[in-house]
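Chemist: this one's sequence-less:
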DNA sequence: GCGACAG
DNA sequence: ATCTTGTCGC
């Protein structure tokens, strides 16, 4: 049974988010080398806006040892709901869980998982990145183009330059510059991670692109499979 | 009441 | 999320 069973209902999800936000799991500390998992949901091309429940998607999940690719899987999925800010888990939660569990069936033990979503930067302090970590019982880090509710100043324009993303007085993430002259990433504290650990980990996983390698591989796998499917 | 608002 | 051409740079 899915950890996101029933979460397509917004009221049910909101209650679960409040419950998760109050939990205090042990902090995760990355070792010298880490095995990283990541997943990306690619919806069918052509559709724009919030979409609707049942939308078809291809989900790619990839694992890396530090920055080196280990393996990847692809699964098909259906959106649990239309997109609504604060309720991304209703739309993508179950799909991400399915893909990441498929990845975990492989003989690799994940240390941490990256997802395109916020964590504590959320109306109920439990965005999808935090939620998926609780469900999978794995530390998680969120990576997005912009914050959901948190705000912070422009980070210094140098590799590693960062500023704090603050929500209601709480540091929930960081604006992180992974490449000079390129707009920063919003990195989110999520399940068992704080802003500093999340930020430093993401910086260490970024090499040739703005997007950290595990997420880049997951996205590539998803889009490639989507293209195949369209033939 | 109106707009903002992860993907 | 997805839609989009050319263009600057290595």
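Modeler: Nice, I can see it. These numbers come from a predicted model, not from an experiment.

Chemist: give the contact list for the residue sitting nearest the centre point of chain A.
Modeler: Chain A has residue A:115 as the residue nearest its centroid, 1.4 Å off, counting by C-alpha atoms, centre = their mean. Contact analysis of residue A:115 by C-beta atoms under 8 Å, 6 or more residues apart in numbering lists A:38-39, A:96, A:128-129, A:132, A:140-143, A:190. Backbone N, C-alpha and C define where each C-beta goes, glycine included.

Chemist: OK, now which residue of chain A is nearest to DNA strand C?
Modeler: At 2.7 Å from DNA strand C, residue A:45 is the closest residue in chain A, using C-beta to the nearest atom of the strand.

Chemist: quick one on the thing from earlier: dump the contacts of residue A:115 to CSV, plus distance to residue A:209 and secondary structure.
Modeler: Below are the contacts of residue A:115 laid out as CSV (distance: C-beta to C-beta, whole Å; DSSP: H, G, I helix; E, B strand; the rest coil):
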residue, distance to residue A:209, secondary structure
A:38, 13, strand
A:39, 17, strand
A:96, 21, helix
A:128, 22, helix
A:129, 20, helix
A:132, 23, helix
A:140, 21, strand
A:141, 17, strand
A:142, 18, strand
A:143, 12, strand
A:190, 22, coil
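
Chemist: Looking at these, which is nearest residue A:105?
Modeler: Closest approach to residue A:105 among these (C-beta to C-beta): residue A:39, at 13.8 Å.

Chemist: Show the pLDDT at that closest one.
Modeler: Turning to residue A:39, the model gives it a pLDDT of 98.

Chemist: Would you mind listing the buried residues in the host helix or strand of residue A:197?
Modeler: Residue A:197 belongs to helix A:195-204 when assigned by DSSP states H and E. Neighbour-count burial for helix A:195-204 flags A:195, A:197-203 (criterion: 16 or more other C-beta atoms under 10 Å).

Chemist: Please apply the same query to stretch A:216-229.
Modeler: By neighbour count with 16+ other C-beta under 10 Å, stretch A:216-229 contains the buried residues A:216-222, A:225-226.
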